[in-house]
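**Q** kindly generate the corresponding structure for this input.
(one chain, ligands or ions: 1)
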Amino acid sequence: MKRKIFKRKFVSPLMQVKLLKDLVEEMAGEGTGLIVEILFGKKDVNEFLIAKKMNLTINQVRNILYKLSADGLVSFIRKKDKRKGWYIYYWTLKTEKCLVKLEDALIRKIESLNDVLSSRETKRFYICKPCDIEVTEEKALEHGFTCEECAEVYELSDNSEPIKQAKARISRTERDLKLIQGELESIREKSRKKRARAEKKAAKEAAEKRAIKKAVRAEARKKVAAAKKKSAKPKSKKKVKKASKKKAAKKKVVKKSSKKKVAKKKAKKSVKKVAKKGKKKVVKKVRKSSLLGKMRKAFS
Ligand SMILES: [Zn+2]
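**A** Residues are numbered from 1 along each chain as shown. Take a look at the predicted model:
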């Protein structure tokens, strides 16, 4: 079977309903197609409403719907009726699943029509006109070209009419198939776009989370660095002091202690300044996004 690439055509809902009705009747029995009209384009339809519209009992309706749900063509939710205490089922037609099923059925139909066409184009058939029975050439040969039922001599069938009919049915079915595939393509395109939007949103949220983590880490590093400076600076000064002390005369012992205090104070001030500066920078970064702002509260 050849599958052509085609431009999307408009499929009227009426056409879809007609094709889906055929499908449902094939799956759930004659006369059940009406259910498509009731469910098409709706969501969570009360089963009592369906029964009323189809003029069937609730059990008859459920039997049809269970058959269809076995193939995933309908889905249901159930809710407990508060007054009566029993469950009521609400049904939804799964349009995409139905169309996929329909697509399969139409492809198979076209294949079998093509088989019929090619056998009509390449083989001979014989007919007994009184009985209106047609047989293959092999079968006719088996019976010496006379009818099994009435012994009438077989006549060669005219294949032109069956060929014409098969060709017409193939083109009709191919047209239906194209409509269904076009509809499916548009449904899939919609869900692709929906998925892409969701992925984009998730990526954005992940990026925001990363930014927050980064800011938190930066803040933590600054705190650690500030703490290190606080404890390390006076020590280094002490060393310097010690070194200079060795060079200097040991007479300045009294002055040393007061000088040390001043140095310590200076160191403390500078550490505070550095810490403040660091904090300001982080605050700027954090205000860029409201989410980051919320997080700042958490670590401030
Ligand atoms: Zn006959």
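**Q** got the buried residues for stretch 172-187?
**A** 173-174, 176-184 (16 or more other CB atoms under 10 Å). To be clear about C-beta, it is placed using only N, CA and C from the backbone, and glycine gets the same treatment.
**Q** then stretch 133-148?
**A** 133, 135, 140, 147.
**Q** which among the residues you listed gets closest to the ion?
**A** Of all the buried residues of stretch 133-148, the one with the least separation from the ion (CB to the ion) is residue 147, at 3.1 Å.
**Q** who in the stretch 101-250 of the chain is up against the ion?
**A** Contact residues (CB under 5 Å from the ion) of the stretch 101-250 of the chain with the ion: 128, 131, 147, 149-150, 152.
**Q** of these, select the buried ones using a PyMOL command.
**A** Of these, the buried ones go into a single PyMOL selection, burial set by 16+ other CB under 10 Å:
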select buried, resi 128+147
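**Q** in strands only, show me the residues of the stretch 101-250 of the chain next to the ion.
**A** residue 128 (DSSP state E).
**Q** so where's the chain uncertain?
**A** Low-confidence segments of the chain (pLDDT under 70): 1-11, 233-300.
**Q** let's see it at 50
**A** 2, 6-8, 249, 253-254, 282-287 (pLDDT under 50).
**Q** the helix of greatest length in it - contacts with which helices or strands?
**A** Taking DSSP state H as the criterion, the chain has its longest helix at helix 160-247. Judged by 3 or more CB pairs under 8 Å, 6 or more residues apart in numbering; DSSP states H and E, helix 160-247 is in contact with helix 13-28, helix 95-122, helix 253-287, helix 290-299.
**Q** next SSE downstream of the host helix or strand of residue 61?
**A** Assigned by DSSP states H and E, residue 61 belongs to helix 58-70. Per DSSP H and E, the first helix or strand lying C-terminal to helix 58-70 is strand 74-80.
**Q** give the contact list for the closest residue to the ion within the stretch 151-300 of the chain.
**A** Nearest residue of the stretch 151-300 of the chain to the ion: residue 152, at 4.6 Å (CB to the ion). By CB atoms under 8 Å, 6 or more residues apart in numbering, the contact set of residue 152 is 128-131, 146.
**Q** dump those residues to JSON lines, plus distance to residue 156.
**A** Compiled in JSON lines, those are given as follows (distance: CB to CB, whole Å):
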{"residue": "128", "distance to residue 156": "12"}
{"residue": "129", "distance to residue 156": "11"}
{"residue": "130", "distance to residue 156": "16"}
{"residue": "131", "distance to residue 156": "16"}
{"residue": "146", "distance to residue 156": "14"}
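**Q** that older thread, among the residues of the stretch 101-250 of the chain next to the ion, which pair sits farthest apart?
**A** Spanning the widest gap among these are 149 and 152, at 8.3 Å by CB to CB.
**Q** list residues touching both of the two?
**A** Common neighbours of residue 149 and residue 152 (CB under 8 Å, 6+ apart) are 128, 131.
**Q** circling back to that earlier point, now the longest helix of the chain, how far from the chain's geometric center?
**A** 18 Å (CA atoms, centre = their mean, to the nearest Å).
**Q** sorry, back to before: max pairwise distance over the contacts of residue 152: which two?
**A** Using CB to CB, the two most remote members of those are 129 and 146, lying 12.7 Å apart.
**Q** right, and the pair among the buried residues of stretch 133-148 with maximum separation?
**A** Farthest pair in the buried residues of stretch 133-148, by CB to CB: 133 and 140, 10.6 Å.
**Q** list residues touching both of the two?
**A** Common neighbours of residue 133 and residue 140 (CB under 8 Å, 6+ apart) do not exist.
**Q** what's the burial count for residue 58?
**A** The local packing of residue 58 (other CB atoms under 10 Å) involves 14 other residues.
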